[in-house]
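1. build the 3D model from these lines:
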Amino acid sequence: MIEKVKTEDLKVGMYVMLGQSWLRHSFMKPNFRITSEKQIKKIIHDGIKEVKVDTSKSEVIEERDLFRDVLGPRDEDTGQIPTQAPPPDSQTGTEIPPPEAGEFNPIDLISEELHQTIQNTSIPPQTKAKEVYDHSIRMMTNVLNDPRADNILSSKKMVYEIVDHILTDDDTAECMALITSHDYYTYTHSVNVGMLSVLLAKSVFEGSYDHNMQEMGAGFFLHDLGKCDIPHDLINKPGKLTANEWGLMRNHPQKGNTILVDTDQLTKECGLIIMQHHEREDGSGYPFGLSKDEIHPYARICSIADVYDALTSTRAYRKKVPTYKALNIMKEEMVGHFNRELFESFILMFK
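-> Sure thing, here's the model as predicted:
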């Protein structure tokens with residue numbers, strides 16, 4: 001279907017037909033799909049007031065659905081943000097589906113299987129990366145299902161071994177970025193962000209001995225620990241979140257930090273990452289509204305991986321976007337949210 005749309009109402013993803021000679025606009029082709037806000041600004045700058053849009057060729061993702069995971073609510077949407085407990089009929093602690101019989105292995109058994117996989121030099125890098133990833137999924141499932149002290153401690157020891165392996169085995173590490181799952185659950189998201197963040201930290205801090213990479217890795221994997229009690233139907237709610245629901249979502253950094261304090265597992269690295277991974281360079285993040293150098297580099301790394309995985313994962317309220325489009329969205333639509341040098345290093349991981 002062809003529709004006429006005013007240029008100020010254009011959105012990224014619309015397939016536009018300018019209907020004018022190329023001498024009268026800034027584009028090589030008169031018909032194309034808009035991929036960035038810059039292109040919309042160019043159309044407006046060229047003095048074009050209205051264009052035709054082919055809706056059958058358009059792929060528009062609503063801003064609300066695109067950024068819900070990675071940005072806080074707008075004031076006009078929610079007003080004040082309370083942090084009350086969920087209503088009595090809300091099913092908490094079930095974001096992770098109940099395991100099938102025989103699926104739930106004790107975390108110490110998972111740890112031993114992980115160790116054997118890493119130590120087996122006969123396993124090809126791609127296969128080893130997949131097995132390490134699968135063990136990590138099972139590990140995070142256990143921790144988020146039951147975040148008691150011994151489970152968290154055991155999981156951190158597993159992360160230490162994973163981090164050491166990524167740092168020393170370049171072939172397996174290279175495969176890690178290619179095998180993340182795009183089905184969104186908190187445990188898959190935790191592993192995806194953990195793996196990508198460790199890979200980025202390896203690139204950025206390589207050759208430096210000033211960082212505890214093991215504890216940093218633990219912080220990356222546990223960055224969303226505070227979501228363990230948030231209802232599954234809230235995390236994947238198709239519709240607009242209420243002010244109370246946003247409050248619960250925005251409280252997960254403090255909740256995760258509290259869990260580590262209560263279990264005596266809080267370290268400087270874990271605390272910085274958990275509390276600051278939703279802060280943004282321009283001060284638009286939460287919970288403190290920190291900006292620029294107020295945000296620790298570890299949290300800056302985690303925030304990039306966190307947003308990327310949110311965009312490339314399928315959610316109940318929107319489809320996943322491919323890697324190139326997610327990176328373009330982060331570059332064009334989230335200007336000022338990320339440290340430029342770290343983001344450029346992140347892009348290079350996918351070259």
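2. how much space separates the spatially most central residue of the chain from residue 216?
-> Geometric centre of the chain, nearest residue: residue 306, 2.4 Å, by CA atoms, centre = their mean. The gap separating residue 306 from residue 216 is 15 Å, by CB to CB, to the nearest Å. Backbone N, C-alpha and C define where each C-beta goes, glycine included.
3. re earlier: residue contacts, the residue nearest to the centre of the chain?
-> Contact analysis of residue 306 by CB atoms under 8 Å, 6 or more residues apart in numbering lists 70, 193, 223, 277-278.
4. could you do residue 111 as well?
-> So residue 111 contacts 139, 154, 157-158, 161 (CB under 8 Å, 6+ apart).
5. same question, residue 266
-> 257, 260.
6. tell me where the stretch 251-351 of the chain has helices.
-> 252-262, 268-276, 297-311, 323-332, 340-348 (DSSP state H, counting those that start in this stretch).
7. highest average neighbour count across those helices?
-> Neighbour counts (mean count of other CB atoms under 10 Å) averaged over each of these peak at helix 297-311, with a mean of 25.
8. chain center to that helix, what's the gap?
-> 6 Å (CA atoms, centre = their mean, to the nearest Å).
9. same question, stretch 124-144
-> On CA atoms, centre = their mean, the centre of stretch 124-144 falls 18 Å from that of its chain.
10. name the residues of it that are buried.
-> Neighbour counts over stretch 124-144 (16 or more other CB atoms under 10 Å) mark 128-144 as buried.
11. again with stretch 110-126
-> Neighbour count says stretch 110-126 has 110-111, 114, 117-118, 123 buried, by 16+ other CB under 10 Å.
12. please apply the same query to stretch 242-255.
-> For stretch 242-255, by 16+ other CB under 10 Å, it's 242, 244-253, 255.
13. who's residue 52 bridged to?
-> The bridge-partner assignment for residue 52, based on DSSP bridges, gives residue 4, residue 17.
14. surely it touches residue 15?
-> No - using CB atoms under 8 Å, residue 52 makes no contact with residue 15, being 9.4 Å away.
15. mind checking which of those two has more residues around it?
-> Using other CB atoms under 10 Å, the more surrounded residue of residue 52 and residue 15 is residue 15, with 18 against 14.
16. look up how far residue 156 lies from that one.
-> 49 Å.
17. least confident secondary structure element in this protein?
-> Counting by mean pLDDT, DSSP states H and E, the chain has its least confident helix or strand at helix 75-78, which shows a mean of 39.
18. quick check: next helix or strand after that helix?
-> Downstream of helix 75-78, the first helix or strand assigned by DSSP states H and E is helix 107-119.
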